[in-house]
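Visitor: have a look; sequence and predicted model below, questions after that.
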Amino acid sequence: MKHFLLMIGLCGVLSRALPVLPQTEEVTEEDVQLAKKYLNSYYPEPEGSPVIRNNHNSFDANKLQQMQEFFGLKVTGKLDSGTLDAMKAPRCGVPDIGGFRTFPLSPKWPKKDLTYSLQNYTPDMAGADVEEAIRRAWKLWSDVTSLSFTMVSGDSADILISFGARVHSTNPFDPPFDGPKGEVGHAFSPAHGGYVHLDEDEDWTRDAQGINLFHVAAHEFGHSLGLFHSNIQEALMFPKYIRSDPAKVKLHPDDIEGIQSLYGPSEEAEGDGQPSGSGSPTNAQEEATDLCNPGQSFDAVTSLRGETLFFKDSFMWRKSPARSYIEKDQISAFWPALSGGIDAAYEAENKDTLFLFKGENYWASKANIIQPGFPKSIHTLGFPQSVKKIDAAVYDKSTKKTLFFSSDKYWRYDETKNSIGMSYPRRIAADFPGIGSTVDAALQHNGHFYLFSGSKQHEFDSQRRFISIKKSNSWFGCQ
């Protein structure tokens, strides 16, 4: 039983085959049996571990009072309709305990840089949306600790994440899922691999409809890192799945206290429990990361799977047509090997690859996974030794060629032939009138080129004819 005792999950309606109790105090025999099963499952007698399940047929009024108190109900010790409704609601499959709590002996990961792998994908969502939900879920925890999470392929990762239905594992201590609208997922503690299993029978979504993957994954990852449940209803680690706007899902101070009791705070949040990067920045930092600052400039701009990324120092803003808000992230949250200072970036859509440039090196990444063999020197692309860094890059979708800008010159690189054109480099000012001699960032959007220089951007059509000048931050509705 030992392995099973450290198994946890976000479960569903335990009484899904039973009728809803009428709004009376009349209690049926089915209700009593439901309550017995519920209390013996989630309020067991302590026997060395709080996760002990049994089939005893006893009914303990003290346990019932404990359950009522935990869920904020009127403590009567009687099986009333409100208590039964709470027992029938979607919830987690482990016992309920007060405040944040860790597993017995407080197991935790012995290192701070963890890897995870998606073993498969749900057909309910686009693959990119699944990866994004998972990444955001890990980010909740890395923001308040010194932990980092990097997605890798294969089964050599520290934490394996998979979707499965019904009997989904050969592990005898891994119970089967119970179909749609029931148990939505479960996870193991760090002492037993931190595996995360998500029920494929659920309707997984990226919004508030169905079961939100980001929300559930964030809860399960708390378990994978070593946290038990909280009795604070606003906490992410509260056992009940409460449908809400995923944009508003965040860690409660109780969650933060719990995870920091295992791994300590992040360097940026040392002593104040604030997410990474949200402490008390200097005025210069605030100005550099204020999108509507009149002098706002960017180090690099690129598209990525339908989004637009804007890089500045150690931060990155993500503008998506699917979201009404702009998401701000630490660059290291996506690419731990790249803490900041990105010089240039571009997406080669025909290769589904994002290329990132920093100094004399560049990296190839699919989603946020750095590909094997990188970084490589920019000179392997054919640039002369006199080029020490790339200032900007933009991929032309119509020609499948990439323009690279460095100092007052630019090159055209053929992504199909993997070579630089014979007639390059050329002077930027000669072919892009009005831009001046340097380009900080470049982007192609709806067939037009946008070249950023300081706080201004120059727009050109597909034939490189000048159209207009705007503020660099006009993409965010800044005046």
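Guide: The structure has been received and is ready for your questions.
Visitor: what's the burial count for W141?
Guide: By other C-beta atoms under 10 Å, 23 other residues sit near W141. From N, CA and C alone the C-beta is placed, and that goes for glycine too.
Visitor: so if we follow the domain assignment, how does this protein break up?
Guide: 1-278, 286-476 (automatic domain parsing).
Visitor: ranking those by mean pLDDT, which is last?
Guide: Among those, domain 1-278 carries the lowest mean pLDDT, at a mean of 76.
Visitor: which stretches in the stretch 151-300 of the chain count as helices?
Guide: 213-224, 253-263, 283-288 (DSSP state H, counting those that start in this stretch).
Visitor: ranking the ones you listed by burial, who's on top?
Guide: Among the helices of the stretch 151-300 of the chain, helix 213-224 has the highest mean neighbour count (mean count of other C-beta atoms under 10 Å), at a mean of 26.
Visitor: name the single longest helix found in the protein.
Guide: Taking DSSP state H as the criterion, the chain has its longest helix at helix 127-142.
Visitor: re earlier: so can I have TSV of the helices of the stretch 151-300 of the chain showing distance to F374?
Guide: Shown next, in TSV, are those (distance: least, C-beta to C-beta, whole Å):
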stretch	distance to F374
helix 213-224	27
helix 253-263	29
helix 283-288	28
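Visitor: list the contacts of the spatially closest residue to L118 that is not a sequence neighbour.
Guide: Nearest-residue entry for L118: I161, 5.4 Å, with adjacent residues in sequence omitted and distances by C-beta to C-beta, 6 or more residues apart in numbering. I161 makes contacts with Y116, S117, L118, Q119, I134, Y195, V196, L198, A217, as judged by C-beta atoms under 8 Å, 6 or more residues apart in numbering.
Visitor: list just the nearest of these to K376.
Guide: Checking the contacts of I161 against K376 with C-beta to C-beta, the nearest one is S117 at 24.4 Å.
Visitor: so the closest one, which state does it fall into?
Guide: Secondary structure assignment for S117 (DSSP: H, G, I helix; E, B strand; the rest coil): strand.
Visitor: burial count for it?
Guide: Residues near S117, counting by other C-beta under 10 Å: 18.
Visitor: residue contacts, it?
Guide: So S117 contacts M151, V152, S153, G154, D155, S156, A157, I159, L160, I161 (C-beta under 8 Å, 6+ apart).
Visitor: ok, so of those residues, who is nearest D461?
Guide: M151 (37.8 Å).
Visitor: any idea how far the closest one is from F334?
Guide: Per C-beta to C-beta, to the nearest Å, M151 is found 9 Å from F334.
Visitor: now the strands for the stretch 151-300 of the chain?
Guide: 159-164, 185-188, 196-199, 204-205, 211-212, 300-304 (DSSP state E, counting those that start in this stretch).
Visitor: for the fifth one, name the packing helices and strands.
Guide: Packing contacts for strand 211-212, counted by 3 or more C-beta pairs under 8 Å, 6 or more residues apart in numbering; DSSP states H and E, involve strand 204-205.
Visitor: could you single out the most deeply buried of the strands of the stretch 151-300 of the chain?
Guide: With a mean of 27, the top stretch among the strands of the stretch 151-300 of the chain by mean neighbour count (mean count of other C-beta under 10 Å) is strand 196-199.
Visitor: my guess is F432 meets R464, correct?
Guide: Yes. F432 lies in contact with R464 (C-beta atoms under 8 Å); the separation is 6.2 Å.
Visitor: quick check: A61 vs T76, distance?
Guide: 9 Å.
Visitor: same thing with T115?
Guide: Distance, T115 to T76, by C-beta to C-beta: 49 Å.
Visitor: now what about stretch 304-311, what contacts it?
Guide: 128, 298-303, 316-322, 331, 342, 345, 347, 354, 367, 441, 443, 445, 475.
Visitor: narrow those to those in helices?
Guide: Per DSSP H, these map to helices at A128, I331.
Visitor: select only the buried ones of the contacts of stretch 304-311 in ChimeraX?
Guide: Typed into ChimeraX, the line below selects the buried ones among the contacts of stretch 304-311, using 16 or more other C-beta atoms under 10 Å:
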select :298,299,300,301,302,303,316,317,318,319,320,331,342,345,347,354,367,441,443,475
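Visitor: who touches stretch 404-417?
Guide: With C-beta under 8 Å, 6+ apart as the test, stretch 404-417 has contacts from 344, 348, 350-351, 381-383, 387, 389-393, 395, 400-403, 419-421, 424-429, 431, 437-439, 442, 451.
Visitor: no further questions, thank you.
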